[in-house]
Structures are given as structure tokens and as C-alpha cells.
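In: Here is my input, please return the structure:
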Amino acid sequence: MSDSPPAVATDPAATTPPAFRAGIVAIIGRTNAGKSTLLNRLVGSKVSIVTPKPQTTRETLHGVVNRPGGQIVFVDTPGFFQTHASALVDQLHTRARDAVQDLDVLVHLVDPTRAPGPEDAMVVDLVKTVRGPKLLCIGKADEEIRPHAVHWRGQAANYDAVLEVSGLADVGVNELVETILRHLPVGEPMYPPGETTNANRRFVVGELIREQIYIQMDDEVPYRTKVVVDRVEDVAPAKAGEPATLLVHATIYAPTDRLQRMLIGVGAKRVKQMRQFARREMRKQFGMPVDLELEIGVDPQSAVPEA
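Out: Numbering: from 1, shown residues only. Below you'll find the predicted structure:
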């Protein structure tokens, strides 16, 4: 994974089979429906962070699935959630709505363990505006108790297909891929073979750090922070035969002095934990040792001194 966006194929027609299918597919749903987990399973690598908190997905990411007969460019969207009004909420909902424009197939992922509510109604209203093929995925297919699955199966008439899936347990994922490919138009691939995401390495590093903020901090903190990755560099090994090291320097900016202290923790315990777990995820993602320098600062544009 480089630090630049992937280049499009220079001459895909030269090697693309005549019946090759390709297109853009949006995954939508209420917050914490499992969209990012499903996307990561579809792609086969971690392209979207996963946390138990809502509002985790901030950016619209592409996850690319390549098959001999086609290429699917998945779009992971922010979930719809019912909460107090804010600029962030409006921005995330706008991104989700924008993601379903000019797509080829829509995947609506639902959580049958939770009763349908206002957030689901928002998604259903959006689904109604889409003219192209629509697939309903009833999630958490590996769980025994899914009290609201019957409700969602009753909506089958509004979709071109209904599938039972679990991104976590890899249930129904291949069937979903094959169903999507059948609904895609014939066309050229948008990404070269082997590419799995439009995110560059610096972006992924920042997301993995943000993931740890969400996992390890209270609800008040994560949404009011930002991560700035200052340096991502491959460092040659000191001895021949040893792997190169990925050197990363990043800063987590809090809006207030108080939240900065919360992120650091007593005896710097919290920042040490975030550094440790983020470094572990980076090693898994990039397949190399990682030297992570992580600082906690106060955003000068929004800093509020506190007594």
C-alpha cells in the first residue's frame, strides 16, 4: 500500500474478458449494523475500522473485490443514527446520501437483533429513492436469536434479492458477491488487479489510531478529537536480512485541556495503551515492524483553556 491513491488501469480492455462486469456498490444501514465488518470480510483485508461506538465511519471508503468475471467497488458509508442535531451528524448523513448517487447496486444491511426504529426508517426512505438493483442483507446470520429477522423478510417485495449474511462469521458472503455480480453492468474495471482500497497508507495509519480512541475512551472524547499523521516512512534495517521498519509519528488533538488530560490518562496509561494497540494493528495491516510515536495535543483552533 503506497501513500498515493491507486492509479487506474492503463489499458484494461486489453486483458478484460468480453462479459466482464464492474460497478459501484454502496452498503448502507443504521449505525452499528455491521457495515464495516462486512466490507472488510468482502475485501479480505481491513479497509474500514470497526468499533462498538456509533459515528465510527467518517469518510467514504472504497473496498475493491476482484473476481475472474468482474470487479466490485464497494462503498462503506456512515450509518444513520438518531441523536441530537450537530454539524457532524448532518455531515455524516449527507455523505451517506451522496454515496447512493450514481451507483450500480445498493446493499441494505440490517441488524435483526434490534427492533426497527427511526434510524431504520431513515435508511428505508433512502432506499426508496434508488432506482437500480437493491439487495437486502439480513445480518448476524451466525446468531441463534434474531427476533426481528421475520420483519425484514417481510420486506422482500421491495428488493431484488434477500440474503442472510454475517461478516463476522463469513456466512453468505460469497453468495452476496455472486448476486451483486449478476446485477452489475458489463464494463471495464476501475482499479488495477490487486488493489483493495482507495485509501493510501497515511490515511490507514490515521484510521487505526482513531479506532483505538473509540475503543478505549468514553463516549465524550472520540467525536471531539482529530488525528494528524505527520510522518510515515520506511526505515531500512540495521542488519542484512532483517525487515524494514515503518516509522510513524502522529498527534491526537483534543479540543480542550481537560480532554487532553483524559486522553493521556493517569501516568500516561491511556496514551500508552492506544500506542500499543494501534501499533499492533499496524503490524497486522502492513506486515512489518512498526515504531509508533504518538503525542496528545490541544487543537489550537478550538482550544479552550480550563482552570
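In: hey, let's count contacts and neighbours off CA atoms from now on
Out: Noted.
In: what secondary structure does residue 127 sit in?
Out: What DSSP: H, G, I helix; E, B strand; the rest coil gives for residue 127 is helix.
In: Is there a neighbour count for it? I'd like the number.
Out: By other CA atoms under 10 Å, the residues close to residue 127 number 22.
In: next one: residue 213
Out: Residue 213 has 27 nearby residues by other CA under 10 Å.
In: In which helix or strand does it reside?
Out: Residue 213 is part of helix 201-216 when elements are defined by DSSP states H and E.
In: Check which residues of that helix are buried.
Out: By 16 or more other CA atoms under 10 Å, the buried positions in helix 201-216 come out as 201-202, 204-214, 216.
In: which of those lies closest to residue 179?
Out: Distance to residue 179, by CA to CA, is smallest for residue 204 among the buried residues of helix 201-216, at 29.3 Å.
In: OK, contacts around residue 170?
Out: Residues near residue 170 by CA atoms under 8 Å, 6 or more residues apart in numbering: residue 41.
In: which helix of this protein spans the most residues?
Out: Longest helix in the chain by number of residues, with DSSP state H as the criterion: helix 269-286.
In: what's in contact with that helix?
Out: 1, 45-46, 205, 208-209, 211-213, 216, 262-265, 289-296.
In: any idea how far that helix is from the chain center?
Out: Taking CA atoms, centre = their mean, to the nearest Å, the mean C-alpha location of helix 269-286 is offset from the chain mean by 18 Å.
In: buried sites along the helix or strand just after that helix?
Out: Downstream of helix 269-286, the first helix or strand assigned by DSSP H and E is strand 290-298. Going by neighbour count (16+ other CA under 10 Å), the buried part of strand 290-298 is 290-292, 294-298.
In: now stretch 278-287
Out: 278-279, 281-283, 285.
In: Kindly provide the whole-number mean pLDDT of it.
Out: For stretch 278-287, the mean per-residue pLDDT is 90.
In: Over to stretch 196-203?
Out: 81.
In: in terms of contact, does residue 145 touch residue 111 like I think?
Out: No - proximity of residue 145 to residue 111 does not meet the contact threshold set by CA atoms under 8 Å, at 11.5 Å.
In: Any chance of TSV for the buried residues of helix 201-216, columns distance to residue 228?
Out: Converted to TSV, the buried residues of helix 201-216 look like this (distance: CA to CA, whole Å):
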residue	distance to residue 228
201	13
202	10
204	12
205	10
206	7
207	10
208	12
209	10
210	10
211	14
212	14
213	13
214	16
216	19
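In: Need the max-distance pair from those residues.
Out: 201 and 216 (23.0 Å).
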